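> Sequence plus the predicted model coming up.
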There are 2 protein chains.
Amino acid sequence: MTTGHATPAEEACTDALPTAALSGPVSHAVSRVARLHRIAAGKALRGVDLYPGQELLMMHLWDRGAVRQTELIRALDLDPSTVTKMLQRLEQTGHVRRRPDPADRRAVLVEATDESCALHTAVEAAWGSLEEHTLAGLEPAERTELVRLLAKIEENLCREAEDCPDRR
Amino acid sequence: MTTGHATPAEEACTDALPTAALSGPVSHAVSRVARLHRIAAGKALRGVDLYPGQELLMMHLWDRGAVRQTELIRALDLDPSTVTKMLQRLEQTGHVRRRPDPADRRAVLVEATDESCALHTAVEAAWGSLEEHTLAGLEPAERTELVRLLAKIEENLCREAEDCPDRR
DNA sequence: AACTTTACCTTGGTCGGCCAATCAATGGGT
DNA sequence: ACCCATTGATTGGCCGACCAAGGTAAAGTT
């Protein structure tokens, strides 16, 4: 793929030679991989009544118990409004319960419902199988290298986003 | 990051130790990188009146001229309905023109408007600068390795998606 | 104590993106 | 010629995610 030659069979999953891929091969790849990954996650999660993205929120709740919404925002690194709406939907589907924080009358405490805990293992299994499938055919060394490189570009992107300056 | 130790300073951009990251480090990283990358793209594209995602569509049109919608769907590898809605918005903002295909009365031909072509260079510059920024600090060897690994996992994910079986 | 700033969350709007279902036109099979 | 399967595109509904703006409560200032 980095070399110029490509047999017709090999370019099955790729378009011919879009300038997007030439002008920004990594950006291009990241977009495509992310999209495919999200679709795969969606399929794996369909059986547990969760939509992709929600599983990370739930995992955090399962991990930490009752937390205030701000912590979710910080941990998931999402927009506050996004979390609000996700929680509204998760509450409606009975996965999550919200109650006012007695210590701070403007804050909200969030926790996973007991019923949702039944999904815990299923979700982790799905997440693990997704990971395994994503990395199929990669040797251990390649995997750690991939993680290292992804962490590097994440930090690059994070720096520009100026999300990091404050101690999040 | 794969090792257990992490100084307080180093985990600045990462949450403490979410099971999500342990249970699927690559999946986790892909999500985060993709999100940050999209935000960065959004910032870079804000000056050109385009939203992230639209630039790829426009680049394809600039490349290939008038194409039918099916080709966009295939090339961008998106859901048909997604493309339809994107085109409706792009048409409304004057970046794109649509007309019926004389050869096939159910198809639609899409092409970039002349005005949109003015953005061509700006978009490619933005895309290139985004790429450069994403890869800041990575040596050439690391970059090609990253591309190679991303391509590998893309193929893995693509295979499961069963989008590939037919000759796209 | 009164005022100002900051923190926590919500609402409204917009986009990209998916799925499921639908309609219209083409093309094959008999 | 007819019927049926396939292809091209659209609609409606939903979710994740963003931004901008607003409202309320806590903390900091004077």
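Looks like it arrived, so ask away.

> Output the contacting helices and strands for the helix or strand hosting A:Val26.
Using DSSP states H and E, A:Val26 sits in helix A:25-46. Applying 3 or more CB pairs under 8 Å, 6 or more residues apart in numbering or on different chains; DSSP states H and E, we find helix A:25-46 packed against helix A:19-23, helix A:54-64, helix A:120-134, helix B:25-46, helix B:119-134, helix B:140-161. (Each C-beta comes from the backbone N, C-alpha and C, glycine too.)

> In a markdown table: these, plus mean neighbour count.
Shown next, in a markdown table, are the helices and strands packed on helix A:25-46 (neighbours: other CB atoms under 10 Å in any protein chain shown):
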| stretch | mean neighbour count |
| --- | --- |
| helix A:19-23 | 18 |
| helix A:54-64 | 21 |
| helix A:120-134 | 18 |
| helix B:25-46 | 21 |
| helix B:119-134 | 18 |
| helix B:140-161 | 18 |
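
> Could I get these in CSV, plus columns for distance to DNA strand C and mean pLDDT?
Output for these, formatted as CSV (distance: least, CB to the nearest atom of the strand, whole Å; pLDDT from 0 to 100):
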stretch, distance to DNA strand C, mean pLDDT
helix A:19-23, 12, 71
helix A:54-64, 13, 94
helix A:120-134, 15, 91
helix B:25-46, 8, 91
helix B:119-134, 13, 91
helix B:140-161, 8, 89
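
> Report the secondary structure state of A:Arg99.
Assigned by DSSP: H, G, I helix; E, B strand; the rest coil, the conformation of A:Arg99 is strand.

> so how many other residues sit close to it?
By other CB atoms under 10 Å in any protein chain shown, the residues close to A:Arg99 number 10.

> in the sheet, who's paired with it?
Note on A:Arg99: beta-bridge partners A:Leu109, judged by DSSP bridges.

> doesn't A:Val108 make contact with it?
Yes - counting by CB atoms under 8 Å, A:Val108 is a contact partner of A:Arg99 at 7.3 Å.

> give me phi/psi at A:Asp79?
Note on A:Asp79: its backbone torsions stand at phi -70, psi 140 [degrees, to the nearest 10].

> residue contacts, it?
A:Ile73 (CB atoms under 8 Å, 6 or more residues apart in numbering or on different chains).

> measure whichever residue of chain A sits closest to chain B to B:Ala75 for me?
At 3.2 Å from chain B, A:Ala34 is the closest residue in chain A, using CB to the nearest CB. The spacing between A:Ala34 and B:Ala75, counted by CB to CB, to the nearest Å, is 18 Å.

> do A:Ser129 as well
A:Ser129 sits 30 Å away from B:Ala75, going by CB to CB.

> who in chain A is up against DNA strand D?
A:51-54, A:76, A:78-82, A:85-86, A:89, A:104-106 (CB under 7 Å from any atom of the strand).

> Show only the entries of those residues found in strands.
Among these, no member falls in strands (DSSP state E).

> biggest separation within those, which pair?
For the residues of chain A next to DNA strand D, the maximum inter-member distance is 33.8 Å, found between A:Pro52 and A:Arg105 (CB to CB).

> So which of the two has more stuff around it?
A:Pro52 (17 against 7).

> Looks like the more buried one contacts A:Leu36 (just checking).
No - judged on CB under 8 Å, A:Pro52 makes no contact with A:Leu36 at a distance of 11.7 Å.

> Against DNA strand D, how distant is A:Gly24?
20 Å (CB to the nearest atom of the strand, to the nearest Å).

> show me what contacts that residue?
B:Trp127, B:Gly128, B:Leu130, B:Glu131.

> do the same with A:Leu149
Going by CB under 8 Å, 6+ apart, A:Leu149 touches B:Leu138, B:Glu142, B:Glu145, B:Leu146, B:Leu149.

> mind putting those in a markdown table, distance to A:Arg46 included?
Formatted as a markdown table, those follow (distance: CB to CB, whole Å):
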| residue | distance to A:Arg46 |
| --- | --- |
| B:Leu138 | 36 |
| B:Glu142 | 36 |
| B:Glu145 | 34 |
| B:Leu146 | 31 |
| B:Leu149 | 28 |
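
> now for chain A, which residue lies nearest the mean position of the chain?
A:Gly53 (5.7 Å; CA atoms, centre = their mean).

> which phi and psi does that one have?
According to degrees, to the nearest 10, A:Gly53 has phi 110, psi -40.

> For it, which residues are in contact?
Per CB under 8 Å, 6+ apart, neighbours of A:Gly53: A:Met86.

> Next, find the distance separating A:Ala141 from A:Arg148.
Note on A:Ala141: its distance to A:Arg148, by CB to CB, is 11 Å.

> swap in A:Ala118?
Distance from A:Ala118 to A:Arg148, by CB to CB: 36 Å.

> The nearest residue to A:Asp101 once chain neighbours are set aside and A:Ser129: what is the separation?
Excluding its sequence neighbours, the residue lying closest to A:Asp101 (CB to CB, 6 or more residues apart in numbering or on different chains) is A:Ala107, at 3.9 Å. Note on A:Ala107: its distance to A:Ser129, by CB to CB, is 36 Å.

> same thing with A:Cys117?
Distance from A:Cys117 to A:Ser129, by CB to CB: 20 Å.

> do A:Arg148 as well
From A:Arg148 across to A:Ser129, the span is 23 Å (CB to CB).
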